[in-house]
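J.: Sequence first, then the predicted structure, then my questions.
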Amino acid sequence: DTGVSQDPRHKITKRGQNVTFRCDPISEHNRLYWYRQTLGQGPEFLTYFQNEAQLEKSRLLSDRFSAERPKGSFSTLEIQRTEQGDSAMYLCASKAETPYNSPLHFGNGTRLTVT
Amino acid sequence: GIQVEQSPPDLILQEGANSTLRCNFSDSVNNLQWFHQNPWGQLINLFYIPSGTKQNGRLSATTVATERYSLLYISSSQTTDSGVYFCAVEIRYSGAGSYQLTFGKGTKLSVIP
């Protein structure tokens, strides 16, 4: 168990470009979450997968954002036509479905800077 | 949605001092976790504590679910304790089946030698 892995750690991109981030959850965890954290704030929920099904999306997830988890293992988060306001830390987390009362484990995040 | 308030927002301690961080939440919760975010941004699980008391070394936590608050105690603080401490709560929305955590804004702790 190597924990939740995210790639890349840092991404600098120009406004208008597309970016894609990858998350590899803990192997036996079927629930996967994406969060976004801006400076001085706590992480904010973006979306959630149970296996390959995307079950919930926050209103923060505009139509420029898309997330996938095609085989119920790793997940990708894509941001199209990036804007400066997208600059943030993007955090992935996973948890086991059982036992019900299991904690959420976070990866180290991908820090996005849009110039 | 559920509100999570943490206090104090900022705290400066001399090394060796003790401290108590508080988390108030506005609704009944299924889950409550305390995290430490280190200066490199890594979120580290400290406690999963929807109710009761737990201890792990110099850290302990107590959640009184009926009164909707949780406390994190740090004893004999060290410079490595510096960072931001987040409380996060989870409620299960009826019919939704999702288990998202809602975070407070955190307490920024600075421990000085």
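T.: Structure received.

J.: who does the residue in chain B positioned nearest to chain A bridge with?
T.: Among all residues of chain B, B:Phe103 sits closest to chain A, at 3.2 Å; criterion: C-beta to the nearest C-beta. Glycine gets a C-beta too; all of them are placed from N, C-alpha and C. Here B:Phe103 sits in beta bridges with B:Ala88, going by DSSP bridges.

J.: Next, the contact list for it, please.
T.: For B:Phe103, the contact set (C-beta atoms under 8 Å, 6 or more residues apart in numbering or on different chains) comprises A:Gly42, A:Pro43, A:Glu44, B:Val4, B:Phe86, B:Cys87, B:Ala88.

J.: and it, how far is that from B:Phe86?
T.: Between B:Phe103 and B:Phe86 the computed distance is 5 Å (C-beta to C-beta, to the nearest Å).

J.: Same check on B:Ile112?
T.: Using C-beta to C-beta, one gets 22 Å for the distance from B:Ile112 to B:Phe86.

J.: ok, these two, which is more surrounded?
T.: Set side by side, B:Ile112 and B:Phe86 show more neighbours around B:Phe86, with 26 against 11, by other C-beta atoms under 10 Å in any protein chain shown.

J.: Highest neighbour count among the contacts of B:Phe103?
T.: Most surrounded of the contacts of B:Phe103: other C-beta under 10 Å gives B:Cys87, at 33 neighbours.

J.: Would it be right to say that A:Glu97 lies in a strand?
T.: No: the assignment for A:Glu97, made by DSSP: H, G, I helix; E, B strand; the rest coil, is coil rather than a strand.

J.: Got phi/psi on it?
T.: Phi and psi for A:Glu97, reported as degrees, to the nearest 10, are phi -70, psi -40.

J.: okay, and for chain A, where does confidence drop off?
T.: Counting by pLDDT under 70, chain A contains low-confidence ranges at A:1, A:99-101.

J.: what ranges do the strands span in it?
T.: For chain A, the strands defined by DSSP state E occupy A:5-7, A:10-13, A:19-24, A:31-37, A:44-50, A:53-57, A:65-68, A:75-79, A:88-95, A:105-106, A:110-114.

J.: which two in the contacts of B:Phe103 are spaced the farthest apart?
T.: Taking C-beta to C-beta, the two most distant members of the contacts of B:Phe103 are A:Glu44 and B:Cys87; they sit 14.6 Å apart.
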